[in-house]
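3D model of this:
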Amino acid sequence: MKKVLVLFAACATLVACQQKGKTEEAKTADTTATTVDSIRYAGEIPAADGPGTRYEIAMATDSTNGFSATETLLEAEKGKDVVNKYTGTAEKIEKDVDGKKKVGYKFTFGEGNDTYFLQVDDATLRMVNDQLEESEAKEMNYDLKVVK
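Model (predicted):
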């Protein structure tokens, strides 16, 4: 009888511990989602070796410059899209380019893969080089627009 009682108590304790962990995790996720405001950008950037890359970037609107990004390489592997997800902190860059003050962001999408975007206006990020210089191919669209 004691063995059954001990076994029952152990099972009950195990179940109680598992429920607590799930509840705490759910509360943390809800708190994070409601306390961090972000602005979301999306768009397709042309690529030299394929139809392009779709970027979806959510940036925190506070001073942390935290971001989460999805990079979709369109038709990259045997005609199928390849999706990569990244999180981190965007580095804010301010430079004078051609006599004008420019503000941009450096995003690190994986090791050694730094990508730069210029803040064109409140609703547009434009892919640029590391000197915040725009592409000379004006006929191509390198913009990400705000999405709601």
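
hang on, Thr108 packs against Tyr116?
No - using CB atoms under 8 Å, Thr108 is not in contact with Tyr116; the gap is 10.6 Å. All C-beta spots, glycine's among them, are computed from the backbone N, C-alpha and C.

more neighbours, these two?
Tyr116 (19 against 16; other CB atoms under 10 Å).

ok, the more buried one - contacts?
93, 104-107, 127-130, 132 (CB atoms under 8 Å, 6 or more residues apart in numbering).

Looking at these, spot the one nearest Phe67.
Phe67 lies nearest to Phe107 out of these, by CB to CB, at 6.4 Å.

where along the protein do the helices fall?
Ranges of helices in the chain, per DSSP state H, are 2-35.

Any stretches of it with poor pLDDT?
Residues of the chain meeting the criterion pLDDT under 70: 1-36.

measure Glu139 to Lys85 for me?
Using CB to CB, to the nearest Å, one gets 31 Å for the distance from Glu139 to Lys85.

picking that back up, most neighbours, which of the contacts of Tyr116?
Neighbour max across the contacts of Tyr116 (other CB under 10 Å) = Gly104, 24 neighbours.

what about it, distance to Ser135?
14 Å.

Identify the contacts common to the two.
Common neighbours of Gly104 and Ser135 (CB under 8 Å, 6+ apart) are Val128.

can you give me the strands in this structure?
Ranges of strands in the chain, per DSSP state E, are 38-47, 50-60, 66-77, 80-89, 91-97, 100-108, 114-121, 124-128, 143-147.

right, so those strands: which one is the most enclosed?
Compared across the strands of the chain, strand 124-128 shows the largest average neighbour count, a mean of 20 (mean count of other CB atoms under 10 Å).

To what extent is Lys78 buried, counted in neighbours?
There are 5 residues near Lys78, going by other CB under 10 Å.

measure it to Asn84 for me?
17 Å.
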